[in-house]
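In: Sequence first, then the predicted structure, then my questions.
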Amino acid sequence: MADNTVILGITPGTAPVLREEFPGLKTADIEPYRIRYSKSLPLLLKLFSDAPRIAGVIKKEQQQLKAIVKEHGVDLIISDNRLGLYHDHVESIYITHQLNIKAGIWSSTASRIHRHYMQKFSKVWVPDYEDRRLSLAGELSENQGLDHVEYIGPLSRLDHGVNKRGFMDYLLLLSGAEPQRSLLEKALCGAFRHTNKQVVLVRGTRAPRAVSFPEGMTVIDLADAAQLSQLIADAETIVCRSGYSSLMDLHLARKKQAVLIPTPGQTEQEYLARYWNARFGTSLLEQSHVGGWKP
């Protein structure tokens with residue numbers, strides 16, 4: 001592996017974090033999906049309205065990949081949920097925890113479209129346990145007959161072997177697309193406005209700070225892997241979105257005391273928050289209720 005050259009596909013949104021985490025890797029620009037949540041339109045309707053544009057992005061990333069393969073002689077492709085990053089003549093591996101899509105009345109249609117793309121890859125890696133009794137993603141990662149699926153166990157970029165060095169009552173981890181990230185940031189600041197708890201907020205962005213943060217709250221724009229690993233180790237309770245990457249981090253860090261706030265209208269996160277509440281005992285808090293929450 002030491003003799004291999006790794007080329008990291010980046011978008012304008014992921015570039016700052018990935019270049020900081022992997023400064024020695026070559027990079028190649030990949031078209032961003034630019035999925036943005038609406039304040040009023042349900043996410044499913046927003047995604048379906050965006051479907052023609054997203055199809056265009058998939059076509060563009062196919063063209064970009066072919067150029068990268070031709071220029072660099074690539075002999076293995078690993079795609080993290082990028083539907084167009086497969087090649088007919090190069091082994092292509094697709095990583096996803098969503099073998100089945102939760103999309104309300106559109107679940108069957110969405111899953112069928114996703115299955116169509118998954119079948120174009122040589123292998124599908126699922127970062128979950130194959131044993132349903134241990135599953136972190138529940139029904140999302142259950143294999144419905146695909147013969148090229150491999151379960152590789154949960155993944156995390158963090159170091160979960162660090163020792164606890166300090167203490168905080170709450171670690172608030174923000175992530176995801178706008179405007180919902182900012183809306184949750186504002187709501188959480190309101191909820192912790194008059195508390196004497198020790199609180200650290202990781203904003204998940206370097207965008208200008210547009211809210212008034214409570215006195216005494218420690219605010220960090222972006223945390224690298226080492227810093228975030230230590231923060232999670234030191235925290236009594238984690239408050240975060242119920243995105244699957246965050247859930248894998250919680251699981252591997254053995255953090256069972258967590259408050260999960262699904263992104264409104266994002267059916268995958270809503271399902272995962274309910275599943276983890278029932279299966280692992282984490283708390284579920286709707287974003288609309290954050291303002292009245294008493295930590």
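Out: Structure received. Quick caveat, the model's predicted, so the values are computed rather than measured.
In: Any stretches of the stretch 1-150 of the chain with poor pLDDT?
Out: Scanning the stretch 1-150 of the chain for pLDDT under 70 picks out 1-2, 35-48.
In: Domains in the chain, by residue range?
Out: The domain map for the chain lists 31-151, 168-292, with the assignment taken from automatic domain parsing.
In: where do the helices sit along the protein?
Out: Listed in chain order, the helices found in the chain under DSSP state H are 15-21, 43-72, 107-118, 180-191, 225-234, 244-252, 267-280.
In: deepest of those, which one?
Out: helix 244-252 (a mean of 21; mean count of other C-beta atoms under 10 Å). In short, each C-beta sits where N, CA and C put it, glycine included.
In: now stretch 177-197: how far from the chain's centre is it?
Out: 19 Å (C-alpha atoms, centre = their mean, to the nearest Å).
In: got the contact list for it?
Out: 35-37, 39, 169-170, 172, 174-175, 199, 201, 203-205, 210-214, 216-217, 239, 241, 261, 263-264, 287, 290-291, 293-295 (C-beta atoms under 8 Å, 6 or more residues apart in numbering).
In: now stretch 262-273
Out: Residues contacting stretch 262-273 (C-beta under 8 Å, 6+ apart): 37, 42-44, 46, 98, 101-104, 137-140, 176, 180, 241-244, 247, 260-261, 282, 284, 286-288.
In: quick one: average pLDDT of stretch 222-236?
Out: For stretch 222-236, mean pLDDT is 95.
In: What is the burial count for residue 256?
Out: 12 (other C-beta atoms under 10 Å).
In: do you know how far it is from residue 223?
Out: The gap separating residue 256 from residue 223 is 22 Å, by C-beta to C-beta, to the nearest Å.
In: for residue 189, same thing?
Out: For residue 189, the distance to residue 223 - C-beta to C-beta - is 18 Å.
In: Likewise for residue 18?
Out: 15 Å.
In: Please tell me I have it right and residue 226 contacts residue 161.
Out: No - counting by C-beta atoms under 8 Å, residue 226 does not reach residue 161; the two are 11.9 Å apart.
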